[in-house]
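Starting from these lines, generate the structure:
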Amino acid sequence: MWKWIVGFVGVAIVGYAGFSTYTSYRAGFFSLPDLQPGEYAISFNNGLRAIVVDPELSDDASRTSSRFLSYVNPDRKYLGVPYEVPSWFEDAWSYCEKPTGAETNAILNTMPEDMRREFTGARIEGICTIDADGEKIPRGLLFSVPKL
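Model (predicted):
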């Protein structure tokens, strides 16, 4: 009987470790570049992988040493909207920077009405771009909403 229990626990541990490794690989955390101070990583299921530069953080952010944005700023939920890019750029990490007032207005004015309704109450956290041979390629948008 104990052999079965120990075997089941062993299989569960190996299965959990394998699943964790697979999800980390799929999220791109094995190819994450070195992060500078003030940079935080976030990855979405829709394929957007972003390094957010100098985000607005809550007062609790200094309590953790994590480099992942959702752990550092747990009072906000982050939403990523990827742009369509060539297949060779889909797995690349993009850098998101806070938009200026003019960029925010341009985004809101060109946003489709259904998307504008879907992101009601959301704050634009960043415009994500990939630097390819000195050319900035738009990769997506990063929004956040308060966790209620």
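
what's the following helix or strand after the helix or strand bottoming out on mean pLDDT in the chain?
One helix or strand of the chain scores below all others by mean pLDDT, DSSP states H and E: helix 69-72, with a mean of 85. Note on helix 69-72: by DSSP states H and E, the next helix or strand toward the C-terminus is strand 76-82.

Give me the buried positions along the helix or strand just after that following strand.
Taking DSSP H and E as the definition, the helix or strand that follows strand 76-82 towards the C-terminus is strand 94-97. By neighbour count with 16 or more other C-beta atoms under 10 Å, strand 94-97 contains the buried residues 94-97. C-betas here are computed from N, CA, C, even on glycine.

tell me, what residue is most central in the protein?
When the chain is reduced to its mean C-alpha position, the closest residue under C-alpha atoms, centre = their mean turns out to be residue 42, at 2.5 Å.

and the gap between that residue and residue 28?
Taking C-beta to C-beta, to the nearest Å as the measure, residue 42 falls 11 Å from residue 28.

shared neighbours, these two?
Residues touching both residue 42 and residue 28 by C-beta atoms under 8 Å, 6 or more residues apart in numbering: residue 49.

Heading C-terminal from the lengthiest helix in the chain, find the next helix or strand.
Longest helix in the chain, counting residues (DSSP state H): helix 2-27. Elements were assigned by DSSP H and E; along the chain past helix 2-27, the next helix or strand is strand 39-43.

helices and strands around the least confident helix or strand of the chain, which ones?
strand 39-43 (3 or more C-beta pairs under 8 Å, 6 or more residues apart in numbering; DSSP states H and E).

how many neighbours does the closest residue to residue 121 other than its chain neighbours have?
Across the structure, with C-beta to C-beta, 6 or more residues apart in numbering as the measure, the residue nearest residue 121 apart from its sequence neighbours is residue 145 (6.0 Å). By the measure other C-beta atoms under 10 Å, the count of residues near residue 145 is 14.

If anything else comes up later, I'll come back, but that's it for now.
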